[in-house]
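In: I need the structure of the sequence given here:
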Amino acid sequence: MFSLPEMDHDLPPTLAISAMLHKTPIKPLMHLVYTRATIQAAEALSLGIVGRVVPAAALDYAVQETAAKLASRNRAAICAIKEYALTAPYAEPNTAARLAANLLATVFSSPKDD
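Out: Residues are numbered from 1 along each chain as shown. Model (predicted):
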């Protein structure tokens, strides 16, 4: 289940909105903010709020599996992917390509995790 209940306390969820603004259509996003409605996982998936849905009984395993996959990779590589995913969609193609090259060079020059 997912909700944006901040307005229950008259706190505008501007940070949450900014995180979802370019991933979730604005009208359903504003509906969640204004109404403070709770939506099911399948709807959050269809709106692009979450990337994967698993049955509740499989949640612990799915979390452990994902965490293990992330932990098995070099931290610098994981950080580079996150930085690229957050920045590249809003950059001009040449800028996105240059960012990709710079991040790759940074990973290559970073010490390996132990």
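In: right, and Pro5 touches Thr35 too?
Out: No. Look at Pro5 against Thr35 with CB atoms under 8 Å: they stay out of range, at 10.4 Å. In this view, the C-beta of every residue, glycine as well, is placed from N, C-alpha and C.
In: Touching the longest helix that the chain contains from outside, list them.
Out: If you go by DSSP state H, the chain has its longest helix at helix 93-109. Helix 93-109 has contacts (CB atoms under 8 Å, 6 or more residues apart in numbering) with 74, 76-77, 80, 83-84, 87-88, 91.
In: let's see 10 Å
Out: The contact list for helix 93-109 (CB atoms under 10 Å, 6 or more residues apart in numbering) reads 74-84, 87-92.
In: The residues you listed in helices, which ones?
Out: Per DSSP H, the contacts of helix 93-109 map to helices at 75-84, 87.
In: Can you tell me which of these lies closest to Ala41?
Out: Nearest to Ala41 out of the ones in helices among the contacts of helix 93-109 is Lys82 (CB to CB; 22.9 Å).
In: And the closest one, how far from Arg75?
Out: 11 Å (CB to CB, to the nearest Å).
In: Neighbour count: those two, which is higher?
Out: Between Lys82 and Arg75, counted using other CB atoms under 10 Å, Arg75 has the larger neighbour count: 14 against 11.
In: ok, now which ones touch the nearest residue to that one once chain neighbours are set aside?
Out: Nearest residue to Arg75 in three dimensions, chain neighbours excluded: Asp113, at 5.4 Å (CB to CB, 6 or more residues apart in numbering). The contact partners of Asp113, by CB under 10 Å, 6+ apart, come to 71-78.
In: Now the buried members of the residues you listed.
Out: Among the contacts of Asp113, the ones that count as buried by 16 or more other CB atoms under 10 Å are 76-77.
In: Strands along the protein, start to end?
Out: For the chain, applying DSSP state E gives strands covering 2-3, 38-39.
In: ok, the first one: who's next to it in the sheet?
Out: This points to strand 2-3. strand 38-39 (antiparallel) (DSSP bridges).
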